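model the following, please.
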Amino acid sequence: MKNCLNRVFCWHLLLILSVTLSGCGGKANAVEGTVIAEFEWKGKHQITLEEMMQEISELPEYKQKQYSETKEGLEEYMTLMAESRLILMMAKEQDLDQDGKIQKKVQEYLHELMVEKITGIEVEQKVKPTEADFKAYYEANISEYVSPEQVRVTCIAVSNKETAEKALTEIHQDGRDITEIAKELSEKGELEGPGSDPNSPGDTGFFSRDSFSGVVKPFVDLAFDLQIGEINKEIIEVEVQSNEYYMIFRKEEYQEERQKPYEEVKDDVSYAAEEKLREDLTKAWLEGLKQKAAVQVFADRIDLPSTEEESEDTTDTDEDSATVAPESDEPDSADEE
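As a prediction, the model looks like this:
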């Protein structure tokens, strides 16, 4: 119910506020068009198909698709419209439109919409990078589009040392295939970490030297050092979050570091180039605004609030001072005697 109310207010408040509140005084609304919903609230109120389609057209694109592409979606939106208008009428009767907190939030949202609109005019409409811009960005940032050297192994990683020792013996002494053992352990739910995907037991997929945290560095280093088809002779032990794991693996494939060609990373490049252009345009626009308005910032006038520790230190000092008895000029009774 809470989510429903949130959706109602978020989607409809600004869209129908003027229409609804103007008719909240008990007067029935006069409408033209195909009536698709009506209700009684100090008079008859109606919602038309034309009104609903207009509102849907003003929603974000993904919401438009959600509501306009199926009959069920249209019916859901029609219900939301009726509920929102009814709720707003009830709120109006309780003078909630005069509530200071609500007015403040409406004002804040209005400001957000205004900022979004002016930013769209001054920046978004100018963000139109070309194919040449994308290629230029790629060349200027070509080092970011490098695939590091990678390796793929078939791995058995378990938390039981005896299980790992048994597997190592079966591989090196009995000649069993590591893939077969990995599949058996996966079916028992004993595989953990790299290669534990039940859909491809033992297969780690390709990974680089930076793919895993430093705690499994012995595993990663040896995976790169082994020859293709070679299996480690001794179990690799690693500790992850205070848990011990035992690893046996065979090196399957190795890929050298390579420069990714433009066509391979075109989507990533176009997104990054567009974001960079947007950032540059925004920065230039804001700088121009500040120069035009002769903006001055007086950072030296900003004082940081005292921290909690500083406040405690001050309090302790005051208490210590209070416990020290002041010296008296009067002699004590023993001296007088």
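
CA only for contacts and neighbour counts going forward, please
OK.

need the phi and psi values for P201.
For P201, the backbone dihedrals (degrees, to the nearest 10) come out as phi -50, psi 130.

tell me, how many neighbours does it end up with?
23 (other Cα atoms under 10 Å).

what does M247 give?
Neighbour count of M247, defined by other Cα under 10 Å: 23.

check contacts around it.
Neighbouring residues of M247 by Cα atoms under 8 Å, 6 or more residues apart in numbering: 155-158, 164, 219, 235-237.

next, the buried residues of stretch 270-286.
Neighbour-count burial for stretch 270-286, counted by 16 or more other Cα atoms under 10 Å, picks out 270, 273-274, 277-278, 281-282.

chain center to that stretch, what's the gap?
Distance of stretch 270-286 from the chain centroid (Cα atoms, centre = their mean, to the nearest Å) equals 21 Å.

same deal with stretch 200-220?
Mean C-alpha position of stretch 200-220 versus that of the full chain (Cα atoms, centre = their mean) differs by 26 Å.

likewise stretch 89-109?
Averaging C-alpha positions (Cα atoms, centre = their mean) puts stretch 89-109 31 Å from its chain's average.

measure that stretch end to end?
Terminal residues of stretch 89-109 are spaced 21 Å apart (Cα to Cα, to the nearest Å).

quick one: mean pLDDT for it?
The average pLDDT within stretch 89-109 is 91.

pull out the buried positions in that stretch.
Neighbour-count burial for stretch 89-109 flags 89, 92 (criterion: 16+ other Cα under 10 Å).

how about the CA coordinates for stretch 160-178, as CSV?
Output of stretch 160-178 as CSV, limited to C-alpha atoms (Å, rounded to 0.1, in the frame of the first residue of the first chain):
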residue,chain,number,x,y,z
ASN,A,160,38.5,-30.1,3.5
LYS,A,161,42.2,-30.9,3.3
GLU,A,162,41.7,-34.7,3.1
THR,A,163,39.4,-34.3,0.1
ALA,A,164,42.1,-32.2,-1.6
GLU,A,165,44.8,-34.8,-0.8
LYS,A,166,42.7,-37.6,-2.1
ALA,A,167,42.0,-35.7,-5.3
LEU,A,168,45.7,-34.9,-5.8
THR,A,169,46.7,-38.6,-5.4
GLU,A,170,44.0,-39.7,-7.8
ILE,A,171,45.2,-37.2,-10.4
HIS,A,172,49.0,-37.8,-10.2
GLN,A,173,49.1,-41.5,-9.2
ASP,A,174,45.9,-43.0,-10.5
GLY,A,175,45.8,-40.9,-13.7
ARG,A,176,42.3,-39.6,-13.2
ASP,A,177,41.2,-36.5,-15.1
ILE,A,178,40.8,-33.4,-13.0
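
and that stretch, what's buried?
Under 16+ other Cα under 10 Å, the buried positions of stretch 160-178 are 161, 164-165, 167-168, 171, 178.

give me the number of residues near E122?
E122: 14 neighbours (other Cα under 10 Å).

quick check: closest non-adjacent residue to it.
Of all residues not flanking E122 in the chain, W285 sits nearest, at 7.4 Å (Cα to Cα, 6 or more residues apart in numbering).
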